[in-house]
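S.K.: Next input, structure requested:
(chains A, B and C, ligands or ions: 3)
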Amino acid sequence: MNVMRPMPAGQVGRSVPRLEARQKVTGRADYVHNVVVPGMLYTKVFRSTVAHGRILSIDTSAAEALEGVYRVVTGEDIKTIVPEPYYGPAFHDQPVLALEKVRHVGEPVAVVLAEDPYIAAEAVQLITAEYEELEPVFDEVEAVTSKAVVHEVLRPAGTFPDLKHLVGRRDTNVALDYQLRRGDVDAAFAAADHVFEHEFRTQQTMHTPLEPMVSLAIPGHESLTIHTASQSPSFVRIEIARLLGWPENRVRVLVPHLGGGFGAKLYIKLEALVACLALLVRRPVKLSLTMEEQFYTITKHASTFRIKSSIKNGKITGRRCEVFWNGGAYADIGPRVTQKSGFTAPGPYDIENVSIDSVALYTNRPPAGALRGFGIPQLVWAYESHTDLIARDLGIDPVEFRRNNILREGREQATGTAMKDAAIEAVLDDIAQKMDWSKPFDRGTGTVKRGRGIAIGFKASISPTTSVAIVNVYGDGSCSVYLSTVDMGQGSDTAMAQIVAETLGIETENVKVIHPDTDVTPYDMATLGSRSTFHMGHAVKLAAQHARDQLTELAASLGLPAGTNYGPKELFKKKYGMQAGNIVGVGSYIPEYTSPAPETGLSANVTPFWMVGGTGVEIEVDTETGHVKILRMINAADLGRALNPKVVETQLSGAALMQLGFTLFENMEYDNGQVTNASFADYKIPGIHDIPARIENDIVEAEQTNGPYGAKGVGESATFGVSPAIANAIHDAVGVRLTEMPLTPESVFRAIRAKKG
Amino acid sequence: MDSTSRQIRFTLNGRPVSARVESHLDLVDLLRRFDLFGARESCGQGLCGCCTVLVDGVAVSGCLTLAQLVDGKSVTTVESLDESGELSHVQQAFIDEGAFQCGFCTPGFVMMAHELLKQNPDPNETEIRDYLAGNLCRCAAYPEIIRAVRSAADRMRPA
Amino acid sequence: MRGFELVHPASLDEAIKLLDVDDPTVRPFSGGTALMLMMKTGVFQPSILVHLGGLEAEHAAVAVTPEGGLRIGALATLTSVEHSAEVVRVAPVIPRAMKRLANVRVRNVARIGGNLAHGDPHMDLPPVLSSLGGAVTVRGPGGTRSIPIEGLFSGYYETVLTRGELITDVTLPSQRGWASAYLKCTTRSADDWPTLGVAVSLKVTDGAIAESRVMVSAATEKLTRLPSAEAVLKGANAGEDAVARAADAAAAEAETIDDARGSAEYKTELLRVYVKRALGEAIRNGAVQ
Ligand SMILES: Cc1cc2nc3c(=O)[nH]c(=O)nc-3n(C[C@H](O)[C@H](O)[C@H](O)COP(=O)(O)OP(=O)(O)OC[C@H]3O[C@@H](n4cnc5c(N)ncnc54)[C@H](O)[C@@H]3O)c2cc1C
Ligand code: FES
Ligand code: FES
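M.R.: Ligands and ions are numbered 1, 2, ... in the order given. I've put the predicted structure just below:
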């Protein structure tokens, strides 16, 4: 077989089925859950029952006495392995196991290690702890001024220059206060025809990947191997090495397939704990969370957004945005969300005068991190609801009003970065056209009213971050690509193989993708924020080009004329006299970037590309019950050129449907800091009956000129517009405005009642 | 070993097997002992279908099934579907329609789709939704799943 | 959930004997779907589970009674009831309600006796079966008795069953002349347990409502019959006016409760709407029969 059979160009842009499709439909795909190693101990975590308290005592004796229990470990034991056991990507604020204080219900306080998972679970029931309860704070706005302080001292990680000023700050819950000042908003407000001000809130939700978080650590001779369901194997290695004071090469991190991530499995989650336990007991240790425990581990930020705009002659002239992010007890990546998303808070509109304050807060809730959209859905929810309210009040068609104010190519966004390759208007037009926006609309009859709504949003990419890839061509001409990007369902394995195939002129199906193994695969910052297609895509393309160039050189060195028909197999044979050798191509990529100025938040180059997405919906409201039915949903996005149209389309639809759950009913409910619905019996996610009768996903024709083969990220774009599009449609149907998510039937019903008086 | 454990015998994907099983063990954990990972626990509450297996030809949630209760019964898992080396029509339709992303829920959906088509070879969209309402997909591949089931029905219909 | 014993009695009498102990950790286990949920979350830690599944051969039949009603063995699975030709003929409202009850896998193993004995108010069958005038036959150490389903529940997760008593059969009277409807209302995802369940049965003679049963569940602490609504309906013309008045009476009478699915106030309003819609549907169902 000639595996390097030359292919006509066109690997990119082809709807190749996922490379791992067969393993997935047969149940044979590898997940960390399947990994069992000899001598492995199972663990179960004992968790805090108070939201904020000082630990007075922990009694593990009864648990230790249970037959089959190997050991019970507390925070003090962890210190014998890591004297300063605090971890986190932005702040080193999270203890491996609670030390002195607990800061949220569900925080890990002790761990049982046992030969059998059922024994570990039973033993945990036998542990007791006493706490001196401290006053908690749960609300993000209250946290700004609250006397209850979650962390006595701030401990930024030091890796981010823009967090340096926070080092050692005391007695505050403010983990980051990002500011942007452009023009003069007060002057704009003073000179305006109209000024509008609203407050919008979102609730805390959870990613609930169906594969719950799981990690396994295996101690070796002065080394450690970690199998983990992680979106960021390179970060795990670096952070574990830092905690242990080891060089990176003594820590090996492997990631097979992921059963969903959505941001839940980013940075470092269970890995520090299993690593410490494995070193402590010198045996392999596995920790598998239940669905319930995921709710105590990482969540999506609840938020409050106060937004104020001035209008003059139908144009938005000024906008003030104050955003409060409920980060929970540990910062995780929250401060990044606060900044990276914060600077897009005014929306995709051309506004001269802008003021943004985006504030990350500690509270006594489970930590919040990144969830599909990285804060953008919370922002779009507010600014697109606000935009709609303004248009309605001014009596201007909401689409027209948006068009009048839209941020066009070449114009500066609030940060001062000029818009490039951002098809914002095209996305808006596409949705409006699909919805026949200018035509009359059937408004329903009797007690069932119909309405429609549109919303658009945009997002900057996380920068500057690095990706490295290796393409290895073997003696028979077959090849593999080595990368630490994690395919958690978004189809990155297939997309990367397509890039290799396109560059080398071979078939995608013949490219093998080597899954993350930090002993083998090179560095990648993380699989997050739709960065992989662009960043890793570039690195892979460079690696493939590097390999191709070396093949060309090899041919030349063998005295073959340029453009020879010799394939790699023949080249190797000719060079080594047998099937032997390798060509290793390496690619490394980091985009250019200018960090925002600390005082103004401005930057001329804040992102290498923009993601744009929007949604239009037609809905039906049952005015007697408040039930909202989505009759039709149209999602459109600018993702540059689609590397794999079919995979891209399912990404759009999947993202929008996930956001539909957050919009309509998903909500973590609390009783004094205790999540009261931490299971699928009570925390409902969208099922097959909840999806709209009609759903259309549109890839807007565009090209990202600096992207690999014109492509850019897509995994989040369809989340942006869903929530405000639905709220806008409800307003359209029944004339009421909801400002707080989720948009439950009861809240719709109450609003209708309130309007009737 | 637990005093409540018992030796059970059952048929697993057509082959007779036996195991010593504690009373509390559930069927998902029992299957893991046989290196079968296609049925997997996610919600642990009967709601997501990731743990779907057939017991005596009837679909159940493995997470809600005590392992001791399969004594004398026949258990069929997703791994049986391609024993011939060929994918089933349903599996192939799932691939062709792109009916999954992360794949964690997929074996459960595939098993349920087989059951549906056994009982109703030509289901309409409502019937598909009703039958699959007990399976969750967090990647929300639902539209593609519905298409895949329709497509599998077409492929299985005698020409 | 470790360390319990799973025992397999050979007869109903043996099961009753095993269960006739003063120990709440000894429980009958039929489909186990409700019990497994409680055991997994640690709400219930059993010492002995008396598995009834082995008695299926004698206690799972579905049959039409000589009077034209139904007798369903307590160990019949919900799926077998859903697909029984007898049930479809005598009480088509049951299979209609089943479609949205839990899911196929749960229905495949859950049994009708376990379903009724569970006592969770957020269930779909108790209102349906009670609106049809159903009763359960119960056998215990003291003998056999019959309990109307509307009187089976004494509180939140509580039934009137006493120590050692097992449900052996569910019986329904003949439905001749009656028309029924069940509406399930969910307020979160569509596949949720009900926020409100309304089941109604009407006997309409010459356009007038001779008799009715109006049952609500889920929004109330336990399955509840609403006599004030029935009183409004009695003798009234089967039309919009009576339906609206009955709905108002139902809303005024039912004591709804707050929970994560909605406030009591909201559920009262839902109840008004759903009673109205269920009555309308039953009247339409009656007209086509
Ligand atoms: C995922 C899921 C979703 C669900 N969704 C719904 C829904 O939407 N609507 C709905 O109505 N219900 C729903 N349920 C509840 C379901 O209907 C019940 O779990 C089921 O009917 C109980 O039947 P079982 O045979 O499994 O009971 P078991 O779990 O075996 O027993 C339940 C209780 O009854 C006792 N018991 C069992 N048999 C007898 C008997 N013959 N006599 C006396 N006592 C007995 C047991 O000791 C136990 O206390 C859901 C359940 C699950 C797991
Ligand atoms: S794990 Fe069994 S149904 Fe979800
Ligand atoms: S494909 Fe990921 S959960 Fe369904």
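
S.K.: Quick check: the residue of chain A found nearest ligand 1 vs residue A:55, distance?
M.R.: Minimum separation of chain A from ligand 1 (Cβ to the nearest ligand atom) falls at residue A:681, amounting to 7.1 Å. Backbone N, C-alpha and C define where each C-beta goes, glycine included. Between residue A:681 and residue A:55 the distance, using Cβ to Cβ, to the nearest Å, works out to 31 Å.

S.K.: quick revisit: my guess is the residue of chain A closest to ligand 1 contacts residue B:48. True?
M.R.: No. Between residue A:681 and residue B:48 there is no contact under Cβ atoms under 8 Å: 10.9 Å.

S.K.: between these two, who's got more neighbours?
M.R.: residue B:48 (29 against 18; other Cβ atoms under 10 Å in any protein chain shown).

S.K.: Read off the pLDDT value for that one.
M.R.: Per-residue confidence (pLDDT) for residue B:48: 98.

S.K.: Quick check: chain neighbours aside, which residue is closest to it?
M.R.: Spatial nearest neighbour of residue B:48, excluding adjacent residues (Cβ to Cβ, 6 or more residues apart in numbering or on different chains): residue B:136 at 4.2 Å.

S.K.: check contacts around that neighbour.
M.R.: Residue B:136 sits next to A:210, A:680, A:685, A:687, B:42-43, B:47-49, B:105 when contact means Cβ atoms under 8 Å, 6 or more residues apart in numbering or on different chains.

S.K.: Looking at those, spot the one nearest residue A:288.
M.R.: For the contacts of residue B:136, the closest approach to residue A:288 (Cβ to Cβ) belongs to residue B:42, at 11.3 Å.

S.K.: In chain B, which residue sits nearest ligand 1?
M.R.: residue B:46 (3.3 Å).

S.K.: average pLDDT across the one helix or strand residue A:402 maps to?
M.R.: Using DSSP states H and E, residue A:402 sits in helix A:398-405. The average pLDDT for helix A:398-405 rounds to 98.

S.K.: what's the answer for stretch C:32-41, then?
M.R.: 95.

S.K.: and the residue nearest to residue B:48, helix, strand or coil?
M.R.: Secondary structure state of residue B:136, per DSSP: H, G, I helix; E, B strand; the rest coil, is coil.

S.K.: Residue C:2 and residue A:122 touch, don't they?
M.R.: Yes. Assessed by Cβ under 8 Å, residue C:2 is found in contact with residue A:122 at 5.4 Å.

S.K.: Those two - which one has more neighbours?
M.R.: Applying other Cβ under 10 Å to residue C:2 and residue A:122 shows that residue A:122 carries more neighbours, namely 23 against 17.

S.K.: Can you give me the distance of that one to chain B?
M.R.: Distance from residue A:122 to chain B, counting by Cβ to the nearest Cβ, to the nearest Å: 9 Å.

S.K.: Ok, residue A:468 next?
M.R.: Applying Cβ to the nearest Cβ, the value for residue A:468 to chain B is 25 Å.

S.K.: same check, this time on residue C:76
M.R.: 14 Å.

S.K.: give me the number of residues near that residue?
M.R.: 22.

S.K.: Disregarding flanking residues, what is the spatial nearest neighbour of it?
M.R.: residue C:60 is the one closest to residue C:76 (Cβ to Cβ, 6+ apart), at 4.5 Å.

S.K.: Now do whichever residue of chain A sits closest to ligand 3, the pLDDT please.
M.R.: Proximity of chain A to ligand 3 (Cβ to the nearest ligand atom) peaks at residue A:210, 4.4 Å away. pLDDT for residue A:210: 98.

S.K.: name the element it belongs to?
M.R.: Counting by DSSP H and E, residue A:210 is found in no helix or strand.

S.K.: Would you agree it is in contact with residue B:41?
M.R.: No. Residue A:210 lies out of contact with residue B:41 (Cβ under 8 Å); the separation is 9.9 Å.

S.K.: Can you pull the residues that touch both of the two?
M.R.: In contact with both residue A:210 and residue B:41: residue B:50, using Cβ under 8 Å, 6+ apart.

S.K.: Could you confirm whether stretch C:92-101 reaches ligand 1?
M.R.: Yes. For stretch C:92-101, a contact with ligand 1 is found by Cβ under 6 Å from any ligand atom, at residue C:101.

S.K.: Can you get me the start-to-end distance on that stretch?
M.R.: 15 Å (Cα to Cα, to the nearest Å).

S.K.: Just confirm residue A:381 is within a strand.
M.R.: No. Applying three-state DSSP, one finds residue A:381 to be helix, outside a strand.

S.K.: residues in contact with the residue of chain A closest to ligand 1?
M.R.: If you count contacts by Cβ under 8 Å, 6+ apart, residue A:681 has them with B:45, B:47, C:37, C:193.

S.K.: give me the number of residues near the last one?
M.R.: Think residue C:193. Neighbour tally, residue C:193, other Cβ under 10 Å: 20.

S.K.: The first one now?
M.R.: Residue B:45 is flanked by 22 other residues according to other Cβ under 10 Å.

S.K.: isn't it right next to residue B:63, touching?
M.R.: Yes. Judged on Cβ under 8 Å, residue B:45 makes contact with residue B:63 at a distance of 7.1 Å.

S.K.: who touches both of those two?
M.R.: residue C:40.

S.K.: how near is the most centrally placed residue in chain C to residue C:96?
M.R.: Centroid check for chain C by Cα atoms, centre = their mean gives residue C:126 as the closest residue, at 1.4 Å. Between residue C:126 and residue C:96 the computed distance is 16 Å (Cβ to Cβ).
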